[in-house]
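A.B. asks: Pasting the sequence and the predicted coordinates here, then a few questions.
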Amino acid sequence: MSARKSERLLNLVICLLVARTYVTKERIREVVEGYAGQTDDAFEKMFERDKDELRDLGIPIEMGTIDKFFSDEVGYRIRRDVFELPEVHLEPDEAAVLGVAARVWQHASLAEATTSAVLKLKAAGIQTDQSALSAIEPHVGASEPAFDPLWSAVVSRTVVRFEHRRSGAAESTMRTLEPWGIVSWHGRWYVVGRDRDRQATRMFRLSRIGGNVKTVGRAGAFTVPEGTDIRSLVSELAPPRPTSEAKVRARAGCCVSLRRRANAIEPYEDGWDLLHVPYADSEVLAEEIASCGPDAVVEGPGDVLDGVLRRLRSVAGVPG
């Protein structure tokens, strides 16, 4: 189905859903984008096909008289109580897809053509109930403040700049990205694209993006490489699952990121705790522990300890 046809069908649904009374065929022709400009014969055929398609989709279109004293004047409507779905239980991946749709809807509020259909009904003196739009509005969202500006940049193909804090890092770094897409992965939202600073494809978790997302330059500044599969890229770029566990002594009240990931925390002695930290890459974990300075001490295993010592010697200028 073409985008133009999809938009026309959506506008027809909204027109018939928000109207409090039956809407005549002539009025529908005037207010629904896509019908205007058609010949009488072309409109009749198009309207009949659209009604049939909506009914095939399970959308109940009723036909009734506009005025009980003039039965020859008929119109159409969609009853909200019949149209609304019961509570739907979604799988995580299905909820993720619906979440994107919900955020797009919330951000756009309604396409310009859709809004114009409602406004035209009002201008024609037909009472409308815009709360009925909730019957077709998805209600799954994402709480990250970076979502809306990043989604707008994805749609408009605009380069963005933002501060990103890598896992375990004490400070954020500024990144410049050509955003190709946004995806939910294992319960987290990520933006994927070309990192102009690294000249490579990268992904960033939205919850780790701080401050304001700023646009750089004009819309249409880049194109997404043909054949790009965002979800496949995420599976390739995502960090591997932890396969090992390190024991790290941490000073009380310190090493917050390590504590968050720890499988277990045991009281140690003299203001210290023993953390059981899962990891997949010993070098990545060693870098995080080394950034904690004197507040963290590795108990094992040896590859993590060696990585920490190597970094501390490098900072101190001591030969390894």
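C.D. replies: Alright, I've got the coordinates.
A.B. asks: My guess is Leu233 contacts Arg202. True?
C.D. replies: No. Contact between Leu233 and Arg202 fails when scored by Cβ atoms under 8 Å: they sit 9.6 Å apart. For every residue, glycine as well, the C-beta is placed using N, CA and C.
A.B. asks: Identify the contacts common to the two.
C.D. replies: Listed contacts common to Leu233 and Arg202 are Val192; contacts here mean Cβ atoms under 8 Å, 6 or more residues apart in numbering.
A.B. asks: show me where the chain has helices.
C.D. replies: Taking DSSP state H as the criterion, the chain carries its helices at 3-18, 25-31, 40-56, 80-83, 92-108, 112-123, 147-156, 230-237, 256-261, 282-290, 302-316.
A.B. asks: export the first one as PDB, just CAs?
C.D. replies: So that's helix 3-18. What follows is helix 3-18, C-alpha atoms only, in PDB (Å, rounded to 0.1, in the frame of the first residue of the first chain):
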ATOM      1  CA  ALA A   3       2.000   6.100   1.600                       C
ATOM      2  CA  ARG A   4      -0.500   8.400  -0.100                       C
ATOM      3  CA  LYS A   5      -3.200   5.700   0.100                       C
ATOM      4  CA  SER A   6      -2.400   4.900   3.700                       C
ATOM      5  CA  GLU A   7      -2.700   8.500   4.600                       C
ATOM      6  CA  ARG A   8      -6.000   8.800   2.900                       C
ATOM      7  CA  LEU A   9      -7.400   5.800   4.700                       C
ATOM      8  CA  LEU A  10      -6.200   7.100   8.000                       C
ATOM      9  CA  ASN A  11      -7.800  10.500   7.300                       C
ATOM     10  CA  LEU A  12     -11.100   8.700   6.400                       C
ATOM     11  CA  VAL A  13     -11.000   6.800   9.700                       C
ATOM     12  CA  ILE A  14     -10.300   9.900  11.700                       C
ATOM     13  CA  CYS A  15     -13.000  11.900   9.800                       C
ATOM     14  CA  LEU A  16     -15.700   9.300  10.600                       C
ATOM     15  CA  LEU A  17     -14.400   8.600  14.100                       C
ATOM     16  CA  VAL A  18     -14.300  12.200  15.500                       C
END
